[in-house]
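Asker: For reference, the sequence and a predicted model appear below.
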Amino acid sequence: MKLELLNRRELEVKNKVSLKYGLAEAEKDYFLAIVSKIIYESPIRSKIVFKGGTAILSLLYSAVAVFRRP
């Protein structure tokens, strides 16, 4: 699996344009989105269950904006 990661400046620009909340929150959400993507694309995805809404909420706010590159 190969991921194209954003650098801090790219994340900052995307955050200002579409997410519009603090950079620290955007960085945390970006990290959660990357980890979620790695888990989803790995064989362990059928063996784990997320409980709670933190990761899901983070994905709702960040996954579309972060993973959709122009």
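Answerer: Looks like it came in fine.

Asker: Any idea how far apart the tips of stretch 12-31 sit?
Answerer: The first residue of stretch 12-31 is 14 Å away from its last residue (C-alpha to C-alpha, to the nearest Å).

Asker: quick one: average confidence on it?
Answerer: Confidence for stretch 12-31, expressed as mean pLDDT, is 83.

Asker: quick one: buried residues of it?
Answerer: Buried positions in stretch 12-31, judged by neighbour count with 16 or more other C-beta atoms under 10 Å: K14, N15, L19, A26, D29, Y30. (Each C-beta comes from the backbone N, C-alpha and C, glycine too.)

Asker: Helices - which of the residues you listed land there?
Answerer: K14, A26, D29, Y30 (DSSP state H).

Asker: quick one on the thing from earlier: grab the two from the buried residues of stretch 12-31 that are most spread out in space.
Answerer: Within those, two members stand farthest from each other by C-beta to C-beta: K14 and D29, at 11.0 Å.

Asker: would you list the buried residues of stretch 12-31 in TSV and tack on distance to R8?
Answerer: Below are those laid out as TSV (distance: C-beta to C-beta, whole Å):
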residue	distance to R8
K14	11
N15	10
L19	14
A26	10
D29	14
Y30	10
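
Asker: now, which of the residues you listed sits nearest E41?
Answerer: Y30 (16.7 Å).

Asker: Isn't the closest one up against R8?
Answerer: No - taking C-beta atoms under 8 Å as the definition, Y30 is not a contact partner of R8, at 9.7 Å.

Asker: before we move on, the earlier item: please render the ones in helices among the buried residues of stretch 12-31 as a markdown table that adds distance to S46 to the earlier fields.
Answerer: Conversion of those to a markdown table gives the following (distance: C-beta to C-beta, whole Å):
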| residue | distance to S46 |
| --- | --- |
| K14 | 31 |
| A26 | 30 |
| D29 | 25 |
| Y30 | 25 |
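
Asker: what's the closest of these to K51?
Answerer: D29 (18.7 Å).

Asker: Against S18, how distant is that closest one?
Answerer: The gap separating D29 from S18 is 12 Å, by C-beta to C-beta, to the nearest Å.
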